[in-house]
Every structure is written in C-alpha cells, then in structure tokens.
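Participant: next one to model:
(chains A and B)
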2 protein chains.
Amino acid sequence: MTQKRIYFGRFISTPKPDELLIRTGAVLVDKKNGRGVIEKADWTVNGPNDALSKFGVEAPVVTADENAFFFPGFIDTHIHASQYPNAGIFGKSTLLDWLTTYTFPLESSLGTDKSPMYKDSIEPPDPLARAKAVYNRVISKTLSLGTTTASYYATIHLEATNLLADIAFKKGQRAYIGRVCMDRPEACPDYYRDESTEQTIANTKASIEYCKSLDPSGELVAHIITPRFAPSCLPETLSQLGALAKEEDLRVQTHISENLNEVKWVKELFPDQSSYAGVYDHHGLLTSRTILAHAVHLSKEEMQLVKQRKTKVSHCPASNSALGSGFCPVRTLLDEGVEVGLGTDVSGGYSPSILDAVRNACIVSRHVGFLNGGDSKFNLSVAEGLWLATMGGAKVVGMEGRLGGFEEGMLWDVQEIVMGNVDSSGGGADTGVDIFGWEAWEDRVAKWVWNGDERNVKRVWVGGRLVHERR
Amino acid sequence: MTQKRIYFGRFISTPKPDELLIRTGAVLVDKKNGRGVIEKADWTVNGPNDALSKFGVEAPVVTADENAFFFPGFIDTHIHASQYPNAGIFGKSTLLDWLTTYTFPLESSLGTDKSPMYKDSIEPPDPLARAKAVYNRVISKTLSLGTTTASYYATIHLEATNLLADIAFKKGQRAYIGRVCMDRPEACPDYYRDESTEQTIANTKASIEYCKSLDPSGELVAHIITPRFAPSCLPETLSQLGALAKEEDLRVQTHISENLNEVKWVKELFPDQSSYAGVYDHHGLLTSRTILAHAVHLSKEEMQLVKQRKTKVSHCPASNSALGSGFCPVRTLLDEGVEVGLGTDVSGGYSPSILDAVRNACIVSRHVGFLNGGDSKFNLSVAEGLWLATMGGAKVVGMEGRLGGFEEGMLWDVQEIVMGNVDSSGGGADTGVDIFGWEAWEDRVAKWVWNGDERNVKRVWVGGRLVHERR
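Facilitator: Here you go, the predicted structure:
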C-alpha cells in the first residue's frame, strides 16, 4: 500500500500574524515512519490529474469541496482534560473559590472514591470508569473541533493520567500529558493532594516512563511536567520538578498571574521572591519549554524575564472573562517579544473549542483597546487570532516549523472546513455559518471564525492519519 | 379539530431575576381566535394520562423527552434583519466607520441597484430577490435558535420592508417591523437616504398600513417606528416620527450612546439639547414603548430620564464587544429601575443567537465587576441572563405578563430544549452540549447556556403554532 497521499483544493493559513494566505493547489504527503509529512507543495496545480502529473507519483487524491478549505489543525496550549464535564459550570465564582467549589471535587472524582462528588452517590463510585468516560469524550470532542494538538492537565492520579495518555494515543491526537503535581497543604484539600515531595516526584517519573512506553519518539504523546501553580507545590517539590524537567528535557506547564488575589497569595507564600515569575525562575521552571497559562497581570519586569528565558504564554481569554480574572494584554506581550498561543482552559473556560478562543481573543483585545482610549493597535484581527491558534501555538509547544502551516517538511495536522451550502436558499444551512455566495473568501473565513463550530469541521488528520470525520 | 393541546414534561423558566424555576407538570393551551394561550397549568401532573384526567379534556398531549425541557421563547429586542449576511464581517472597525464600510452598502443592496455592493457585479442586480433571500434566512435562522419574538430593523426601502413583514407573518414569528428612517445628509450617504422628511413620513405610514393589513390585531406582526439614531434624522423628521408614534400608539426603536465618538457627534449636531437621551425626549421619542439599543455610556441623569419615561433598554453585549464600544453597566441600569432586555444587534453583533447574548451579557457583567475592584455584585448569573432574554425582553417589547413564562394567560411562545444523549459514551453527543448524567438540572441549564446552539432547539412554537422543528 502506498504511503503517499495528495491533498488538492483550497488551502488557507496564516504564515505571519495578520496575514491570511489563501491558495489553491496541492500538497504531497508522505507517511513514512508512521508520520505524515508534507513532502512537496505546488500552488500551480489546478486539478487532481494535474497534481498527479506535477508530483509525478501514483497516489490517492483527497479533494476538498469547492466550498471547503484545508486549514492547519488547532493547537490548544492549555486544557484541563479532567475538568471537561464542568464546561459551563462555574456560577459567579472567581479563581480561588472556583477551585475549591467546582474543580477539586470533580478532578478528585477521577481517582478516588473520597471525592466530595461521591458523597450522595447511591451506586459505589468507580473513579477509573469515570476517568475513562471523561477522557474518551474530551478527546473525541476536541478532535471534532479541529484540535490536533493539546497540552493537557489530567489529575494527580497516576493510573487515570496513564489512561488519558492511552486514549489520546489510540485516537491519534498529538497530546502532552500532565500528571498534576500538588502537595502543599495550605493550597490543596486533604482529599486531593500528593502526600509528599517524594510521592509527587515518583508519580511524575512513572508517568514520564508510561508515556515513553507508548510513544518512544515522544512526537505524538509525551509527558509534560505539571506543577499546578506555585501555591500548590512545596518549594522543594518545585525545585525537584525543575531539575527533572532539565534532566529529561521535557516540556513544563503551569499557571501564572491569572487573578489578583492569587498574585497576592503567591507573594505571601514566597516572601523571598521578587515576583510570581521569579518564583518559577528560582526553581528552574522558567525554561524555553515552559508554557505559562494566563499571564493576565504580569509586570513589565516579569514580561522581560519571561522573554529572556524564552518561556511561552498560553492566552485563555474565555476563562479570564468567565472567572472575571482580567484582560490579558496580548498585543503588549507580543510587542515585548513573548511567544503566545491560545488555550481553552476548560473548564475555567466554558468551551473546548479553540475557534471560540480565537473569537474571545479578538474580543478581549478590543476591550484592552477600549480601556486604552480606544486605541485600535491593541485589536487582534481574525487572521491574528487564527495565527495564535496555529503558528503561535506551534511555537508555544515547541513545534515551530513542524506545525501550523502547509510548508514542506511540516506535519499533516490539518482540518478540512466546510460552510453552509450556498444553495440552501431560505432553508438554512446545515452548519452554523450561513454563506450567501457573494462573500469574498476572507469574509467567509471571518464568518467561520465568528459563528463556526464542530459542524464546520468535516475531516481532521494528525500526522497524516484521519482521526475524525463528521458523521 | 380540537383547538386544545396539552404539553407535559419539565418546564424551566425565570419568573424573577436570579430565580431558575424547574418544575414538572403540564399546561393546557387553547388556540381559540388563532392565538395559543395557556389556559391552565398544573404542577402536580405526573404523566400524559394524569394530565388528561386533571384537565378533564380530550386533547393531544405533546411530551418533552426525559432529557428535554420547555423554556420560554427568546425575545430579541434589537436585530437588524437586513444585516444578517454580514454576521461576523466587521474587521477592526468601530461604530461610525463600520456603518459606512460594511453596513450601508449591504443594507442599500436590498433596495437599490446603486448600492456599492453591486459595483463589480457581473449579473444585473436584483435587490428585491436579495431581500427575499436574506429575510427568509434570517427568520428561519432566528426561529431555529428559539427566538419567538424579534424587534427588527429592515432598511429604508418600503417594498423590501413589507417583504420582511410578509415573511415573518408567514413563518409565524412574532415580529416588530421597522422601516429605517434616515434623511439627514451629514449622516447618510447619497445612495442610501430618504429624500426628505415628507418621504420619510409617507413611507413610514405606508409600512404601518401594510403591517396592519397583514395582521389587524398587531399581535403577531406590527410596525415599529424606527429613526435609525439621532444623527441620521433631520430634527423635523424626529419630531414628526414622535408625533406619529403617539397618534398611532406604536412602539419606537432607535440607538443611544453606543460609542463615545457617536455621543460626541450627537452633542455637535444637537447643541441645544442637554444630552443624547434629551434629544429623543425633546422630539417625543422617549416613550414607554421605546426601545433604546445599547445605552453603554448614559450619564446618571440620562438613566433617570429614561426611567421616568419608562423607556426600555436593549442590551447588546456581543456588539458592544465586537465593535469595541464599551461595557454596558447592566446591573446599574437595573438598580436604577430601568427595564432591560437582550438584543443580538446583528451584525454589529456577530451572532443571531440570543443564547449567545445571554453568554455575552454574563461575561460583560464580569468585566464591569473586574473594573470595579472585583465587586461581584455586578455579575449576572445564568438565571439573570435567561431572565433578561425572556421576562426582561417581554417588558421591553411591552408584552409583560403575556410572554416569558408559563403562567396562566400567557402566550405559548416556547422552545423545547434537548441536550447531548447521556448514553453516547465516548462517541460525542449530537448537540454541542455534552451531558454526563450526574449533573443537577441547574448545572445542565448552565451547560446549555454556555455551549448551546440551535442543535439544542428541538421544537419552537409561537402562539401555539409549531413554527420550527429540528431536522
């Protein structure tokens, strides 16, 4: 069987911020070594046969519909897989009470029958069965939304975290799997806490080994070191996790400066450190492979430190808005030279959709502009939002040049986007996006961004493997 | 054929702000005189047969699924039907350049071949055919989203506006039809402007008569007097429209204080008036039947004036965010005693969904809270958002006590909401809302609000007539 495929049709991508590149043509994808990589791209190809002749190969041709286009898969740089069942459930809470009211009970229920969620349970709790249901659904859901790569937080539980790795690997999503580290008694409830630094490190190492056993290359599934956030870990644990990240050359993910009370708390818990970013830096966790979620309230000095360390930021606008955390100044971060991608932050964020994160990033940027005297320089365009969701995300997860576009050498992590049928006059379309037919393609892309959802995602590939097809 | 129907199942509504009332039972709807009104409600009924016996009638029973519920239809207090094709197309514009760049060209294309939208057209323009396509789709779409009542802006064109009335009447949506009045040369382009006060008034009167000819009762379809906004009308026109509204006892709709540059412009154009609200008041347009869209930047004095006149406000959060207009202080308006409902403001707002407006109202309220030192009193809850979308909207359109709930005497303007199948383990649900099965009903409602769309709307009735059923 041939390992080559040709994809023909319209290709849309954002090679640079604010550049929406719309091309027709074809790419040749070779799936040697089990990974589908773009071997050649030709933007003069005008049909399937022309593609075969120009590439000079015999290979099946996958054609995108006239009204469809190929778009790079989305990269969710911050999502709590374990919190997916709570998407939309947060009441009027803000970060710290949200954790204790909604989040710790749910997360703990995936690993222990001592979770408060089970206190009125009639049937005997089966935490692992619950973890299986939750993780199957969240991966199916995010794939259906075009998320080809996700950086996941699981829970503290080793077995359930391994299950998340299994499911991601089996379904074929590119996934970084974080066993959550939290062992500081002031910040974690008794029912949901690692017992000690030793246990935290031992379970983290076990999760690292498990991910390696699944995917020795680490290209599809890999562990990511995950101290929940500074308050949740003993200082000794933070140091040992920093050392482990260095030793194993692994990605790190954590939270920073999401909420003003949290920032204050970090100051109290770490009185010797000059800043929140300084805490991570002191413990060896501010690396070029570290993803910091939120970064809403960083000082200019912290931005400079983050930039110097080449540490990345995951912007989670829906979450920041839902929990009333504040307005992340994305334009300022970018201007300062910090690399930024998008995160859904389910379930601080209510939506598992990165397209929704694009929308919310655009909106929050307008709020930042309004608060700065209506200065439009803060506004993110649709193209910039999409760039953050693809190219920006690729930088954040350390896959720059390999994900986020259609250039030769890049992985075929791609979604095929369809829109409302232009012939459905009066009857409504079968997606949420109504196309009238006269719209220019860049306007169609805007319509997709502002009203699209999984109904617009016809097919999704990761590394050349078809991992989702709309029913 | 019997004119009675029984509806049995779970009923959810918000009789008061912040009260989510969840009941099971049945209501008996009588469709005499062509309007379906709730004759009786019984919250002790436990099944279809019990309903028949308790109501003592022979009537068909419509049953909501175990996982479904009846919810009052949404009321969109501010939507530009003519702008629907531009939903999502606004770039980085703000109000005044958005009007000239995107909006006037599209609106004019529904009535004149001189629209700039036709300048590169190959085929001969057919404005009325375009109007027909647009209005058919926007009404089908909003019905599919559970909008049972909408207050529409059409365009300046009489014939196309009459067509909107026809289509709403035929499809059975409760609709207020506004022929847009704009005749002040400083504010309107040559290609899209009423010629004179006389023409504005004559065409408005003709539209009033046309709506009356369709629906003499005015209960389903009625004209609403629609000066676009203060700058767009000659002062004499504003006065005559105010007089006409009084003479005919009609609703009025217009815009107010959406954007700071607009507010400044109004000051320049009406130097003798003390405020933007004062302009409308001076011309007899600040009535108890007037709907003011936006009200983002009202002074306390203007709020007091609006309250005294019992004038209503349509809060359009998605639009205010998308166009960077600012943060409407809904809690403050409510505390001041101003009546508020929700509007999508398509296409300043990018979404035709009132559920999306509920989400955005909740989010914007958190921003207002954040900007007031994190004070949570500004936060709107999910229940309050839904209240604004139903009961609040009913007050705004002058239908208090007749729309928005399930009490006896109310019209059966209702949507049936379904959610993801709880048995679809791992395979994803066929709506955007994933239910795991352990969620309390109020949490399910929150999940619907935060991730729902038209896939959750199974059936929609207006005045007892089934006007939409999900395919």
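Participant: in chain A, what residue sits furthest out from the centroid?
Facilitator: A:Ser53 (38.1 Å; C-alpha atoms, centre = their mean).
Participant: which SSE is immediately downstream of the helix or strand that residue falls within?
Facilitator: Using DSSP states H and E, A:Ser53 sits within helix A:48-55. Next helix or strand after helix A:48-55 toward the C-terminus (DSSP H and E): strand A:61-63.
Participant: that following strand packs against which elements?
Facilitator: In terms of contacts (3 or more C-beta pairs under 8 Å, 6 or more residues apart in numbering or on different chains; DSSP states H and E), strand A:61-63 is packed against strand A:4-13, helix A:48-55. For every residue, glycine as well, the C-beta is placed using N, CA and C.
Participant: for the shortest one, buried residues please.
Facilitator: I take that to be helix A:48-55. Going by neighbour count (16 or more other C-beta atoms under 10 Å in any protein chain shown), the buried part of helix A:48-55 is A:Pro48, A:Ala51, A:Leu52, A:Lys54, A:Phe55.
Participant: OK, contacts around A:Leu164?
Facilitator: A:Ala81, A:Ala131, A:Tyr135, A:Tyr152, A:Ala154, A:Ala175, A:Ile177 (C-beta atoms under 8 Å, 6 or more residues apart in numbering or on different chains).
Participant: and which of those residues is nearest B:Lys141?
Facilitator: Nearest to B:Lys141 among the contacts of A:Leu164 is A:Ala81, at 33.7 Å by C-beta to C-beta.
Participant: for the closest one, phi and psi?
Facilitator: phi -60, psi -40 (degrees, to the nearest 10).
Participant: got the domain ranges for chain A?
Facilitator: Split into domains by the TED database, chain A comes to A:4-73+A:404-469, A:74-397.
Participant: list the buried residues of stretch A:68-75.
Facilitator: A:Ala68, A:Phe69, A:Phe70, A:Phe71, A:Pro72, A:Gly73, A:Phe74, A:Ile75.
Participant: quick check: closest non-adjacent residue to the residue of the stretch 151-300 of chain A found nearest chain B.
Facilitator: Nearest to chain B, among the residues of the stretch 151-300 of chain A, is A:Leu260, at 6.9 Å (C-beta to the nearest C-beta). Closest residue to A:Leu260 apart from its sequence neighbours, by C-beta to C-beta, 6 or more residues apart in numbering or on different chains: A:His297 at 6.3 Å.
Participant: then A:Asp249?
Facilitator: The nearest residue in space to A:Asp249 (C-beta to C-beta, 6+ apart) is A:Arg289, at 7.7 Å.
Participant: quick one: the one you found and B:Met399, what's the gap?
Facilitator: 59 Å (C-beta to C-beta, to the nearest Å).
Participant: swap in A:Ser325?
Facilitator: 38 Å.
Participant: okay, the two: which has more neighbours?
Facilitator: A:Ser325 (26 against 18; other C-beta atoms under 10 Å in any protein chain shown).
Participant: angles on the backbone of the more buried one, please.
Facilitator: phi -80, psi -30.
Participant: and the gap between it and A:Ile6?
Facilitator: For A:Ser325 relative to A:Ile6 (C-beta to C-beta), the value is 46 Å.
Participant: on that earlier part again, wait, which of the buried residues of helix A:48-55 is closest to chain B?
Facilitator: A:Pro48 (27.9 Å).
Participant: I figured the closest one was touching A:Thr63, is that so?
Facilitator: Yes - with contact defined as C-beta atoms under 8 Å, A:Pro48 reaches A:Thr63; the gap is 6.0 Å.
Participant: which neighbours do these two share?
Facilitator: Common neighbours of A:Pro48 and A:Thr63, counting by C-beta under 8 Å, 6+ apart, are A:Phe8.
Participant: list the buried residues of stretch A:205-212.
Facilitator: A:Ala206, A:Ser207, A:Ile208, A:Tyr210, A:Cys211.
Participant: please flag which of those sit within helices.
Facilitator: A:Ala206, A:Ser207, A:Ile208, A:Tyr210, A:Cys211 (DSSP state H).
Participant: got the contact list for the last one?
Facilitator: Contact partners of A:Cys211, counting by C-beta under 8 Å, 6+ apart, are A:Ala165, A:Ile177, A:Gly218, A:Val221, A:Ala222, A:His223.
Participant: name the member of the residues you listed with the most neighbours.
Facilitator: Greatest neighbour count in the contacts of A:Cys211, by other C-beta under 10 Å, goes to A:Ile177: 29 neighbours.
Participant: where does it sit: helix, strand or coil?
Facilitator: Following DSSP: H, G, I helix; E, B strand; the rest coil, we place A:Ile177 in the strand state.
Participant: pretty sure it contacts A:Ala150?
Facilitator: No - using C-beta under 8 Å as the test, A:Ile177 is too far from A:Ala150 to be in contact (9.5 Å).
Participant: what sits in contact with each of the two?
Facilitator: In contact with both A:Ile177 and A:Ala150: A:Ala168, using C-beta under 8 Å, 6+ apart.
Participant: what parts of the stretch 301-450 of chain A come near chain B?
Facilitator: Taking C-beta under 8 Å from any C-beta of the partner chain as the measure of proximity, the stretch 301-450 of chain A contacts chain B at A:321-327, A:350-351, A:359, A:362-363, A:366-367, A:369-371, A:374, A:376, A:379, A:381-382, A:425-428, A:432-434, A:436, A:438-439, A:443, A:446-450.
Participant: now, those residues that are in helices?
Facilitator: Of the positions in these, A:321-322, A:359, A:362-363, A:366-367, A:369-371, A:382, A:443, A:446-450 sit in helices, assigned by DSSP H.
Participant: just the buried ones among the residues you listed, please.
Facilitator: For those, buried by 16+ other C-beta under 10 Å: A:321-322, A:359, A:362-363, A:366-367, A:369-371, A:382, A:443, A:446-450.
Participant: quick check: closest non-adjacent residue to A:Ser93.
Facilitator: The shortest distance from A:Ser93 to any non-neighbouring residue, by C-beta to C-beta, 6+ apart, is to A:Thr101 (5.8 Å).
Participant: surely that neighbour is in a helix?
Facilitator: Yes - counting by three-state DSSP, one finds A:Thr101 located in a helix.
Participant: what's the burial count for it?
Facilitator: Neighbours around A:Thr101, by other C-beta under 10 Å: 14.
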